[in-house]
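1. Pasting the sequence and the predicted coordinates here, then a few questions.
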Amino acid sequence: MDFDDTPDEAAWRAKVRAFIEEHREELGRRGDEQRFDDRVARARQALLYDGGLVGVTWPVEAGGQGGTPMQQAIVDQELARAEVPGLINLIGIGMCGPTVIHHGSPEQHRRYLKRLLRADDVWCQLFSEPASGSDLAALRTRAVRTEDGSWRISGQKVWTTLAHLADHGIVLTRTDPDVAKHRGLTMFVVDMKAPGVTVRPLRQMSGGADFNEVFFDDVVVPDEERLGDVGDGWRVALTTLMSERLSLGGGGTEIGVGSAAIAEHVARHVGDLSADRQALVRQELGRAYVDSLGTRYTGYRQLSAISRGDLPGPEASAGKLAGTRSARDLADLAVRVLGEHAAYAVGPSGSSTWQDLQAVLPGMAIAGGTDQVLRNVIGERVLGLPPEPRADKGVTFRESLAAAGA
Amino acid sequence: MDFDDTPDEAAWRAKVRAFIEEHREELGRRGDEQRFDDRVARARQALLYDGGLVGVTWPVEAGGQGGTPMQQAIVDQELARAEVPGLINLIGIGMCGPTVIHHGSPEQHRRYLKRLLRADDVWCQLFSEPASGSDLAALRTRAVRTEDGSWRISGQKVWTTLAHLADHGIVLTRTDPDVAKHRGLTMFVVDMKAPGVTVRPLRQMSGGADFNEVFFDDVVVPDEERLGDVGDGWRVALTTLMSERLSLGGGGTEIGVGSAAIAEHVARHVGDLSADRQALVRQELGRAYVDSLGTRYTGYRQLSAISRGDLPGPEASAGKLAGTRSARDLADLAVRVLGEHAAYAVGPSGSSTWQDLQAVLPGMAIAGGTDQVLRNVIGERVLGLPPEPRADKGVTFRESLAAAGA
Amino acid sequence: MNFDLDDEQRDLAASARDFLASSASPAVARAALDADHPAAAALAPGRDALVASGFATITVPESAGGGGGSLLDLAVVAEQAGRVLAGPSLITFARAAVLLAGDDERLARLVDGSLRVAVVDGTGPVLDAASADTFLTLRGDDLVCGPGAVDVRAPIDPTRGLGQVVLGDVEVLAPDARLRWEHAERVGRVVLAAEDLGAAGRALEIGVAYARERQAFGRAIGSYQAVKHALVDVYVQVEQLRSLVWWAAWAADQADDKLPMAAAAAKAAAATTLTTAAETLIQVHGGIGFTWEHDAHLYWRRAKVDRFLLGDDVAAYDEVARLAIAQALAGDGPSAEAGASAEAAVAAR
Amino acid sequence: MNFDLDDEQRDLAASARDFLASSASPAVARAALDADHPAAAALAPGRDALVASGFATITVPESAGGGGGSLLDLAVVAEQAGRVLAGPSLITFARAAVLLAGDDERLARLVDGSLRVAVVDGTGPVLDAASADTFLTLRGDDLVCGPGAVDVRAPIDPTRGLGQVVLGDVEVLAPDARLRWEHAERVGRVVLAAEDLGAAGRALEIGVAYARERQAFGRAIGSYQAVKHALVDVYVQVEQLRSLVWWAAWAADQADDKLPMAAAAAKAAAATTLTTAAETLIQVHGGIGFTWEHDAHLYWRRAKVDRFLLGDDVAAYDEVARLAIAQALAGDGPSAEAGASAEAAVAAR
């Protein structure tokens, strides 16, 4: 057991570090003002791509490096260590790209993949809808084939990250309502600048707008942009969702909140409290800190499995499950130690870091799979517990709509 | 709003108190050595019955007082206040008796009811089985009709309180496996001293044996002892279970553990701890204490409803739900403040009160309906949330056995 | 035994509900968050309308023009105010009514709305400072009153009107007023708990309604145990809080010696219950639950702020424990009342 | 990066499992509870068999006849011991091996079984006192050793062999041994956590197996979310505990400076995880789960006792927090390592 790189890994890490070192200023830093400027972000990703640090695990013919998941993990670690902001096209790389690779035509490969990795094009993923959250296959956005063979898409998608910047998206649509709901779906690549596509920011409770609503009003999509067969969209979507898990991959990076950062914050404030309060704060901090250490080292175990060549399984979700609760507790604690300023949104120094974090975390337990859905997945896929009986078995989509009174 | 008795209630309370006062020594005290002696317990109940304090709400023709639920609640309060031990035939009064009243013949009424109230006969309730806990209707004990019209019962029951002392029991049996599981049940009064009845104590994790297993091996029961129609046992059992809830009734008596008693214990020990530990103990005690106050005053609201003449509804279970968790936390705290003795089963003074309590409480969350079942009941009956789809609908009992591989 | 509201109080609740539901709503709170400057955020129903309704000064004696009602009456109204996240808070009026007791001139101005008062505790945020120009506080043991400069900071919950107050020239209203001050603070805690009861109860209602409607995998999400049980746990907490609020209000009206414990317990339970109710409301709604446009976060914001008002939840639990320990050591706790003992607690199982 | 057991350690785990599963079981723990006198309760595998197996003294150097293995090796064995509630504890042997380091004569007697030792902390219960006749303890800063009178009290968990020890004449083994003592205590915490990992993992397995089999309302109870999610929460905790145990054992072997934090974190997580796992095991089983004949309560008893061993969970969480605060103030915490900052923590969302 050791935490050291293998010689190959060490060599790769050195190469990655050298590149980052060389381009340190160009790459920018987390916390920089311009981190929300998408042109800067696209340029950063292009720079990293040209340095061979984007799409590490993608096949060479898809514009990638043909590397290992461990090499990708090392890149992630080094970029995080150097505080380089995240890639703008993370969803494109993690979800859209793999779907195009598996189900797209050679022409689509040529047209899209390299540009995606360089962030010449930004991509988004259009699956969720107002009436279908956890139950993704209940989606209602329709695609109807026209006489010339092209398709017309109408409907509404939500929770679409980056839709306002995106050039392309993959969109899951219903092409046949008269079969069971999983059966009648079809996937397309859609031009986000096409007529009929309207993007509206969706504000979260924290005040930020990390997501969008996207409205499709009779948007024309040529049949060549179909991914997979007509009616096979559910299988195509599963590729997308599996790829998401693979792209997250563990790797010891913490979700949502750095416990060490919070410990620093608490450490700076705990001395101002009464002795009794200090004892109470230490218990809460201790519990959250132990949780976060457990999550971190469990991530290292997953990384070790990746290093051996294993693919991450559903147990990778355990980290998120453990992380969201303790992150919420920690954020509450971080706000509480602000004392008399804890009830305001902004502290006297103008900082709102902890209050913002507090408002972001309830959504973290929902985004990317609610805690309940993750528990079902782990219970069934890891522990082998039986699934719940499905009330929607053997029912067509149209029938299920009628039953729900919709 | 007031916590005072109405004039009628006050008069009744005075009468009850006077009786208890007059018979103070005969009635014994909780904690007396002979509290486990059933002859003493039977004599105590007879004394109370003769004083008009047992079966207060039962009709006069059933041997009761024809009184109100509030009068019964006042009796309960006064007996608790005077530390008089509980009635031995509580299950008989709360569950078996009402079932006989509703579904028994005039002859059964004459034979059983008054003797039950006086504890001349002790009763038990035989519903649960090893393979049917929360899912009561899945029971397997068979009753088969013989040529002379009598029945022969074979099977196994569990969790039977007082079976080892009981003279009679009500037993729920399956008389037809070829209909849906709720349909094929029939209820009987069974003589617990009859040939073929074997009672074995069932030890709990605390070491105590408050329950029994009961084996029926071809036990003959005459048809006159049937309660309700053949195949109507489920409806009869519902009477029993509803009566249980009515007999519990709220009333402000605490379940499982007196928070004030624990506070006293913690108060005696908290001074021995460091200042930091005192602060931590106070947080835990404060939380548990607030919970127990909430439970107590919610009980008073239910009692007020009873005082107005309302019958307690399913929301009465909320008290148990709130109580078991905080009781477990409190018991853990009570053991923890024992300090260096907390890891032993018995303290240096020979007392094992808190360790025993700690070992009893996990079972409290299960006995009388698991917390999960109670949550379903409240969710569906109080909040109006929909039930889960039933996997066993429209299936005969025999088919369900085959499906379960049994 | 009649631990319940009477018909008059039920009527009062209904009319308070009519007034508040038509004059305040979470939507106003949302709009206030969007206001350019926190001090400019509009409250609903707002100080003038609330005073004009008469509900704010229920506990002011009739001799001073008030409602001459009990704290329980006010708690009944406060629950309704909490449901719609009304502002300013009835806490402020309840505390002022206690602090100004006997000062019929000022009380009359509280009733006619010309005295726009808030109560200042130490150096922390002042509830309803944003809509006040006159402040009551304790200096040493003296109750004092005077104008102040208000700095309204960016709010988590804009309906609370929190601001930092620097007092100007004050006059002494009453010397040796510490006991009265503490009583007023406890009365404030009871009203706070009542407002939180309303907010938590409303959050539960919204969650239950959604869980009954929203379908996933062919059935309503409220049929899934994870959702159902979470809502049930909130229901149980809300009903326990209701009992504590009523008990504490009754104690303030009729049993002073029980008020310290009852007020601390109600305050503590309120913080915990509203926090759980608001978190559950968000989680039950899934994606929609953490959007700006949904009301869930407005209840959540109320929870995040209220837990710190009138001493935080930690202080309240600590006080409950200290009182419980003191009662136990003095042998006059509820245990003596109920005749229980440690042995009995175990034997009773 | 290879944060995993190697093949040798996997083989070691398998052979430890073979030995322990055939020589110990919860049934023995149950029988011990039924013994007439606590001191007479039989342990399994018992001190002699455990020593003879060689597993107990894996960490004793080969020069003294031991296994010459790492603490991680011992932790791997301890997990297996915890699964079957074996006694006496490997904690005792691990601490003794550290305390007696350099004293090859005594170490040899530890290995051949003639030195029946237990370690005495202050005046509290002594782990494995029931099967010991020689005791190691700290007097001032001196490590001392000697015989003692043992009073074995009625146990909650009989497999822990707890007793009160009054030391007889002791000899000084090493002066100024405080640092060694503290190191031994931390090593003991790691082994305790490893045993608890085994117990919690086994409790989870039993619960999962039952939830897959047991039917209610026409389907396996493990299909109900209330049961499924409770088991998943235990699974997540067990896997996190496994990571902390491995990390802490690795730190003891190879990174002394990380041991205080790692050992405290593992100890704290072990107490919490085993408590939750055992409670869940009981609840998942319903009625059968709280019977004497079911094994659930034996795991529960282990949890109730282990949380107090080698300092309680509260002390361990406190230590974690103190170390985290100290690291943060010194700027050498994992945050520096990972290049994070408060701003980054938020920006990374």
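-> Good, I have the coordinates.

2. ok, the residue in the stretch 1-150 of chain C that chain D sits nearest to - contacts?
-> Using C-beta to the nearest C-beta, the closest approach of the stretch 1-150 of chain C to chain D is made by residue C:33 at 19.7 Å. (Glycine included, C-beta is placed from N, CA and C.) Residue C:33 is in contact with A:207, C:41, C:155, C:158, counting by C-beta atoms under 8 Å, 6 or more residues apart in numbering or on different chains.

3. Check whether the second one really touches residue C:158, as I assumed.
-> It stands for residue C:41. Yes - counting by C-beta atoms under 8 Å, a contact exists between residue C:41 and residue C:158, whose distance comes to 4.7 Å.

4. So between these two, which is more surrounded?
-> Neighbour count, other C-beta atoms under 10 Å in any protein chain shown: between residue C:41 and residue C:158, residue C:158 has more, with 28 against 22.

5. Next up, the contacts around that one.
-> C:29, C:32, C:33, C:35, C:38, C:41, C:43, C:87 are the contacts of residue C:158 under C-beta under 8 Å, 6+ apart.

6. partner residues bridging the last one?
-> Put plainly, it is residue C:87. residue C:45 (DSSP bridges).

7. How confident was the prediction at it?
-> Residue C:87 is assigned 95 on the pLDDT scale.

8. again, but for residue A:356
-> Confidence score, pLDDT, at residue A:356: 91.

9. Find the closest residue to chain D in the stretch 201-349 of chain C.
-> residue C:225 (4.0 Å).

10. Thought residue B:388 was touching that residue, still the case?
-> Yes - Residue C:225 lies in contact with residue B:388 (C-beta under 8 Å); the separation is 7.3 Å.

11. that older thread, now which of the contacts of residue C:158 would you call buried?
-> Taking 16 or more other C-beta atoms under 10 Å in any protein chain shown as the criterion, what is buried in these is C:29, C:32, C:33, C:38, C:41, C:43, C:87.

12. Looking at those residues, which are in helices?
-> C:29, C:32, C:33 (DSSP state H).

13. Specify which member of the residues you listed is nearest to chain B.
-> Using C-beta to the nearest C-beta, these come closest to chain B at residue C:29, 25.8 Å.

14. can you tell me which residues contact that closest one?
-> With C-beta under 8 Å, 6+ apart, residue C:29 has these contacts: C:44, C:85, C:87, C:157, C:158, C:159, C:298, C:301.

15. same thing but at 6 Å, please
-> C:85, C:159, C:298 (C-beta atoms under 6 Å, 6 or more residues apart in numbering or on different chains).

16. Doesn't the first one belong to a helix?
-> No - residue state for residue C:85 (DSSP: H, G, I helix; E, B strand; the rest coil) corresponds to coil; a helix is not indicated.

17. how many neighbours does it have?
-> 30.

18. Against chain A, how distant is it?
-> 14 Å (C-beta to the nearest C-beta, to the nearest Å).

19. Overlap in contacts, residue C:41 and residue C:158.
-> With C-beta under 6 Å, 6+ apart, residue C:41 and residue C:158 have common neighbours residue C:32.

20. excluding its backbone neighbours, what's nearest residue A:172?
-> In this structure, residue A:172 finds its nearest non-sequential neighbour in residue A:127, 5.0 Å apart by C-beta to C-beta, 6 or more residues apart in numbering or on different chains.

21. hmm, back to that, pick out the most distant pair among the contacts of residue C:33.
-> Distance extremes for these: the farthest pair is A:207 and C:41 at 14.5 Å, using C-beta to C-beta.

22. just the helices in chain A please.
-> Going by DSSP H, chain A shows helices at A:7-22, A:24-27, A:38-50, A:69-81, A:90-91, A:97-103, A:106-117, A:233-248, A:259-270, A:275-307, A:317-336, A:353-364, A:371-377, A:397-403.

23. Out of these, which is closest to residue B:50?
-> Closest to residue B:50 of those, according to C-beta to C-beta: helix A:275-307, at 56.3 Å.

24. interface residues of the stretch 201-350 of chain A facing chain D?
-> A:256-258, A:260-261, A:263-265, A:267, A:282-283, A:285-287, A:289-290, A:293-294, A:297-298, A:300-301, A:303-304, A:307, A:318, A:321-322 (C-beta under 6 Å from any C-beta of the partner chain).

25. show me which of these neighbour chain C.
-> Okay, of those, nothing touches chain C (C-beta under 6 Å from any C-beta).

26. Any chance of a ChimeraX selection covering the buried ones in the residues you listed?
-> Buried subset of those, written as a ChimeraX selection, criterion 16+ other C-beta under 10 Å:
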select /A:256,257,258,260,261,263,264,265,267,282,283,285,286,287,289,290,293,294,297,298,300,301,303,304,307,318,321,322
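
27. ok so residue C:144 is a strand residue?
-> Yes - counting by three-state DSSP, residue C:144 is found in a strand.

28. Quick check, it in contact with residue C:169.
-> No - in this structure, residue C:144 is not within contact of residue C:169 by C-beta atoms under 6 Å, at 9.8 Å.

29. Look up the pLDDT of the residue in chain C sticking out farthest from the centre for me, please.
-> Largest separation from the mean C-alpha position in chain C: residue C:218, at 40.3 Å (C-alpha atoms, centre = their mean). Note on residue C:218: pLDDT of 88.

30. wait, isn't it in contact with residue A:389?
-> No - the criterion here is C-beta under 6 Å, and residue C:218 misses it with residue A:389 at 9.9 Å.

31. Which of the contacts of residue C:158 sits closest to residue C:10?
-> Closest to residue C:10, out of all of the contacts of residue C:158 and judged by C-beta to C-beta, is residue C:87, at 24.9 Å.

32. Spell out which parts of chain C neighbour chain D.
-> Residues of chain C lying near chain D (C-beta under 6 Å from any C-beta): C:224, C:225, C:226.

33. switch to 8 Å and redo it
-> C:224, C:225, C:226, C:229 (C-beta under 8 Å from any C-beta of the partner chain).

34. Please flag which of those residues sit within helices.
-> Those of the residues of chain C next to chain D lying in helices (DSSP H): C:225, C:226, C:229.

35. Without its sequence neighbours, what residue ends up closest to the first one?
-> Looking back up the chat, that one is residue C:225. residue D:225 (4.0 Å).

36. tally of neighbours for residue 199?
-> If you meant another chain, say so; for now it's chain A. 18.

37. that answer is for a different chain, and I need it for chain C
-> Count around residue C:199 with other C-beta under 10 Å applied: 29.

38. Contact partners for it?
-> Per C-beta under 8 Å, 6+ apart, neighbours of residue C:199: C:82, C:83, C:85, C:274, C:277, C:278, C:299, C:302, C:303, C:306.
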